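A.B. asks: pasting the sequence and the predicted coordinates here, then a few questions.
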Amino acid sequence: MLKVTEIEVRYSGIPIIHNVSLEVNKGELVTVVGSNGAGKSTLLKTIVGALHPTKGRIQFEGKDIHRLSTPDIVQLGITYIPEARLIFGPLTVEDNLELGGFILNDKEELKKNLDFVYSLFPRLKERRLQISGTLSGGEQQMLAIGRGLMSSPKLLMLDEPSLGLMPKLVDEMLEAVSQLRELGKTILLVEQNVFESLQLADRGYVLQTGRTIKEGKGRELLEAEEIKKAFLGL
């Protein structure tokens, strides 16, 4: 579904990503891990068109997208949930969710997606008329993911969904990601919790200083010595 081939991305002329490649197949959960500053968020922003590569190629369902605008890429079926969440604080939970489905012209599909989000995150249904800016951090993260699901994305990209959450909510968030995977959703996940995210993943990629240093099946990567030493403290 998604193919990234040897892309380079620069900020102010300085290369941040060097010749990074990855693939995501339909129905897979693929995790990208790495230390802070490794280029993980830059990679997702480039895929969704917020940045453009100076070299390389990005294809989605066989179509080149690396020169397209973000709105055009969203229309093709890619949704990006940034780590900052960026919900519309003055609006209610339900208003935020309905805005997430703005590209849909089918009211029945919009209602179906809303029911799905409420089944995935029952807390949002309880708070559907609450002003979003008054939600807890965990609830705001649920809302950000739920809003992303409202557009019926073919590929959902999640950037650090557990960042800043208390341990109980981290487990809850990763459980929701696991449920989406079991339902056949295609997910590209960037996550600071290396052990948990690679356990969930079909495949994973490890970035270090803007380069891919290792790739493989999620559980196989957990057994790699460099992963144990660098991220798991073993």
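C.D. replies: Okay, I see it.
A.B. asks: which parts of this structure are helices?
C.D. replies: Ranges of helices in the chain, per DSSP state H, are 40-47, 70-76, 93-100, 107-120, 122-126, 137-149, 167-182, 194-200, 218-222, 225-227.
A.B. asks: tell me the contacts of residue 159?
C.D. replies: By Cβ atoms under 8 Å, 6 or more residues apart in numbering, residue 159 lies in contact with 40-41, 44, 80-83, 190. Placement of C-beta: from N, CA and C, glycine included.
A.B. asks: for stretch 85-93, buried residues please.
C.D. replies: Judged by neighbour count using 16 or more other Cβ atoms under 10 Å, the buried positions of stretch 85-93 are 85, 87, 93.
A.B. asks: ok, residues contacting the worst-scoring helix or strand of the chain on mean pLDDT?
C.D. replies: Least confident element among the helices and strands of the chain, by mean pLDDT, DSSP states H and E: helix 225-227 (a mean of 77). Helix 225-227 is contacted by residues 194, 198, 206, 213-214, 221 when judged by Cβ under 8 Å, 6+ apart.
A.B. asks: would you mark the buried spots in that helix?
C.D. replies: Across helix 225-227, burial judged by 16+ other Cβ under 10 Å covers residue 227.
A.B. asks: before we move on, the earlier item: which of the contacts of helix 225-227 sit farthest apart?
C.D. replies: Pairwise distances among the contacts of helix 225-227 were taken by Cβ to Cβ; the largest, 14.4 Å, belongs to 198 and 213.
A.B. asks: can you list the domains in the protein?
C.D. replies: Following automatic domain parsing, one finds the domains of the chain at 1-77+155-234, 86-153.
A.B. asks: that older thread, which of residue 198 and residue 213 has more neighbours?
C.D. replies: residue 198 (27 against 14; other Cβ atoms under 10 Å).
A.B. asks: residues in contact with that one?
C.D. replies: With Cβ under 8 Å, 6+ apart, residue 198 has these contacts: 31, 33, 204, 218-219, 221-222, 227.
A.B. asks: and these, which two are furthest apart?
C.D. replies: 33 and 219 (13.3 Å).
A.B. asks: who has more neighbours, the two?
C.D. replies: More crowded of residue 33 and residue 219, by other Cβ under 10 Å: residue 33, with 27 against 13.
A.B. asks: which ones are touching that one?
C.D. replies: Residue 33 is in contact with 40, 190-191, 194, 197-198, 204-207, 231, counting by Cβ under 8 Å, 6+ apart.
A.B. asks: could you give the bridge partners of it?
C.D. replies: On the basis of DSSP bridges, residue 33 is bridged to residue 206.
A.B. asks: re the thing from before, from the buried residues of stretch 85-93, which single one is nearest residue 174?
C.D. replies: Closest approach to residue 174 among those (Cβ to Cβ): residue 85, at 16.5 Å.
A.B. asks: could you find the closest non-adjacent residue to the closest one?
C.D. replies: Spatial nearest neighbour of residue 85, excluding adjacent residues (Cβ to Cβ, 6 or more residues apart in numbering): residue 144 at 4.3 Å.
A.B. asks: now that the one you found has come up, it's in contact with residue 83, right?
C.D. replies: No: contact criterion Cβ atoms under 8 Å: residue 144 and residue 83 do not qualify, at 9.4 Å.
A.B. asks: of those two, which one has the most company?
C.D. replies: The neighbour count for residue 144 versus residue 83, taken as other Cβ under 10 Å, is higher for residue 144 (22 against 19).
A.B. asks: that one and residue 72, how far apart?
C.D. replies: In this view, residue 144 and residue 72 are 22 Å apart by Cβ to Cβ, to the nearest Å.
A.B. asks: ok so, going back, lowest-confidence entry in the contacts of residue 159?
C.D. replies: The member of the contacts of residue 159 with the lowest model confidence is residue 83, at 85 (criterion: pLDDT).
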